[in-house]
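Chemist: here is my input, please return the structure:
(one chain, ligands or ions: 1)
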Amino acid sequence: MGLLIDGVWRDAWYDTKSSGGRFVRKESQYRGGLDAGFRGEPGRYHLYAGFACPWAHRVLIMRALKGLEEMISVSMVNAYMGENGWTFLPGDDVVPDSINGADYLYQVYTAADPTYTGRVTIPILWDKVEKRILNNESSEIIRILNSAFDDVGALPGDYYPAEFRPEIDRINARVYETLNNGVYRSGFATTQEAYEEAVYPLFDTLDWLEEHLTGREWLVGDRLTEADIRLFPTLVRFDAIYHGHFKCNLRRIADYPNLSRLVGKLASHERVAPTINLRHAKAHYYGSHPSVNPTGIVPVGPAQPLPGLTLQS
Ligand SMILES: N[C@@H](CCC(=O)N[C@@H](CS)C(=O)NCC(=O)O)C(=O)O
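Modeler: Below is the predicted model:
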């Protein structure tokens, strides 16, 4: 794990010293493709993703729901993220980089900008024509996929419908801060205070969502929206990974009937199911964070998977 400085890779763990033990996520730097006039072109864009990453997962889900697999090609990183960061070295579930021929993800960033300074993250939406990164912020990539390919054959379905935007935005804001990012703020904290600052609000949000889902099928309106798509990757990893590895252990998702039901609905959705690979995700988290899990041992549980999942999911 590391970052690029003026285009040169440096192996370094997150700095939490300067923030009182708190993990502070950096802003993504490439933010194109959101302007109203932007139109997707089949075959022009390539997605760099991986099964472990919850941010990449939401993009894989949107790509699948919109039926964009043929229009947007994909590369999938190796589960192990070590001193070279994400790689395409041979391993389970790896799909090599057919576009830039990179062995290491940082080479994709330097192909776009030889002097790039910053974190080297997935997901990335790469523009094959201009040979640059269009966008590397998952919350924006899913918006692009939701509508920009509608005129060129994407499956119908608007997961960010105008009438529900205020409600979706409201739920997304809390879910992002306390849950999607909250699991990282809990797990990467290096002081007790920073950990507790993250973990209690995280469970307040799970309690709130459980209550919110009483008598409802989906988070917003009566249909699947972006709010569910952004919540799901965190929920589906929770009991197998965040509960143990990131010390989010007040309760499990299995203890929340409504949240479990939501996981089950999406996990058994025919387009979503192939985007889930918990075996791969467990290998990544437990194996790639030596300061959190120095032995790299991957725990075998949970014995009882969430609805819609199998132990091999
Ligand atoms: N804000 C970004 C975050 C992406 C992100 O942090 N991805 C992780 C994988 S789960 C990563 O690549 N981390 C490598 C690093 O931080 O160096 C997004 O939502 O797309």
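
Chemist: alpha carbons only for contacts and neighbour counts from here, please
Modeler: Noted.

Chemist: sec struct for the nearest residue to residue 66 once chain neighbours are set aside, please.
Modeler: Spatial nearest neighbour of residue 66, excluding adjacent residues (Cα to Cα, 6 or more residues apart in numbering): residue 155 at 4.7 Å. The assignment at residue 155 comes out as coil when based on DSSP: H, G, I helix; E, B strand; the rest coil.

Chemist: quick one: residue 155 from the ligand, how far?
Modeler: Distance, residue 155 to the ligand, by Cα to the nearest ligand atom, to the nearest Å: 23 Å.

Chemist: was I right about residue 293 contacting residue 247?
Modeler: No - proximity of residue 293 to residue 247 does not meet the contact threshold set by Cα atoms under 8 Å, at 11.3 Å.

Chemist: just the closest residue of the chain to the ligand, please.
Modeler: Nearest to the ligand, among the residues of the chain, is residue 121, at 3.0 Å (Cα to the nearest ligand atom).

Chemist: next up, the contacts around that residue.
Modeler: 86, 105, 136 (Cα atoms under 8 Å, 6 or more residues apart in numbering).

Chemist: part of a strand, is it?
Modeler: No - secondary structure of residue 121 (three-state DSSP): coil, not part of a strand.

Chemist: other residues contacting the host helix or strand of residue 229?
Modeler: According to DSSP states H and E, residue 229 maps onto helix 226-237. By Cα under 8 Å, 6+ apart, the surrounding residues in contact with helix 226-237 are 54-55, 57-58, 61-62, 159-160, 168-169, 171-172, 175, 179-180, 218-220, 253, 259, 262-263, 266, 278, 281, 306.

Chemist: what's the answer for stretch 157-173, then?
Modeler: Against stretch 157-173 from outside (Cα under 8 Å, 6+ apart): 66, 143, 146-147, 220-221, 224-227, 230.

Chemist: gap between that stretch and the chain center?
Modeler: 19 Å (Cα atoms, centre = their mean, to the nearest Å).

Chemist: thought residue 288 was touching residue 81?
Modeler: Yes - between residue 288 and residue 81 there is a contact at 5.3 Å, judged by Cα under 8 Å.

Chemist: can you name the residues of the chain that neighbour the ligand?
Modeler: 1-2, 28, 53-55, 119-123, 136-139 (Cα under 6 Å from any ligand atom).

Chemist: whichever of those end up buried, select them in ChimeraX.
Modeler: With 16 or more other Cα atoms under 10 Å as the criterion, this ChimeraX line picks the buried residues out of the residues of the chain next to the ligand:
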select :1,2,53,54,55,119,120,121,122,123,136,137,138,139
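
Chemist: for the residue nearest the centre of the chain, which non-adjacent residue is spatially closest?
Modeler: Closest to where the C-alpha atoms of the chain average out (Cα atoms, centre = their mean) is residue 55, at 1.6 Å. Using Cα to Cα, 6+ apart and skipping residues adjacent in sequence, the residue nearest residue 55 is residue 138, 5.7 Å away.

Chemist: give the buried residues for the helix or strand containing residue 10.
Modeler: According to DSSP H and E, residue 10 maps onto strand 8-11. Neighbour counts over strand 8-11 (16+ other Cα under 10 Å) mark residue 9 as buried.

Chemist: do stretch 102-116 as well
Modeler: Applying 16+ other Cα under 10 Å to stretch 102-116 flags 102-112, 116 as buried.

Chemist: hmm, which two among the residues you listed are most spread apart?
Modeler: 103 and 116 (17.6 Å; Cα to Cα).

Chemist: helix or strand right after the strand or helix carrying residue 166?
Modeler: Per DSSP H and E, residue 166 falls inside helix 165-175. Per DSSP H and E, the first helix or strand lying C-terminal to helix 165-175 is helix 182-187.

Chemist: contacting residues around that next one?
Modeler: Helix 182-187 is contacted from outside by 22-24, 176, 194-199, 202, 242, 245-248, 292, using Cα under 8 Å, 6+ apart.

Chemist: mind checking which of these are in strands?
Modeler: Among the contacts of helix 182-187, no member is found in strands (DSSP state E).

Chemist: contacting residues for residue 134?
Modeler: Counted by Cα under 8 Å, 6+ apart, residue 134 has contacts 30-33, 124-127.

Chemist: how close does the residue nearest to it when sequence neighbours are not counted sit to residue 262?
Modeler: The spatial neighbour of residue 134 that comes closest, neighbours along the chain excluded (Cα to Cα, 6+ apart), is residue 32 at 5.0 Å. Residue 32 is 32 Å from residue 262, where distance means Cα to Cα, to the nearest Å.

Chemist: which one of these two is surrounded by more residues?
Modeler: For residue 32 and residue 262, the more surrounded residue by other Cα atoms under 10 Å is residue 262, and the numbers stand at 23 against 16.

Chemist: need the contact list for the nearest residue to residue 68 once chain neighbours are set aside.
Modeler: Sequence neighbours aside, residue 154 is the residue nearest to residue 68 in space, at 6.1 Å (criterion: Cα to Cα, 6+ apart). Each residue near residue 154 by Cα under 8 Å, 6+ apart is listed here: 66-68.
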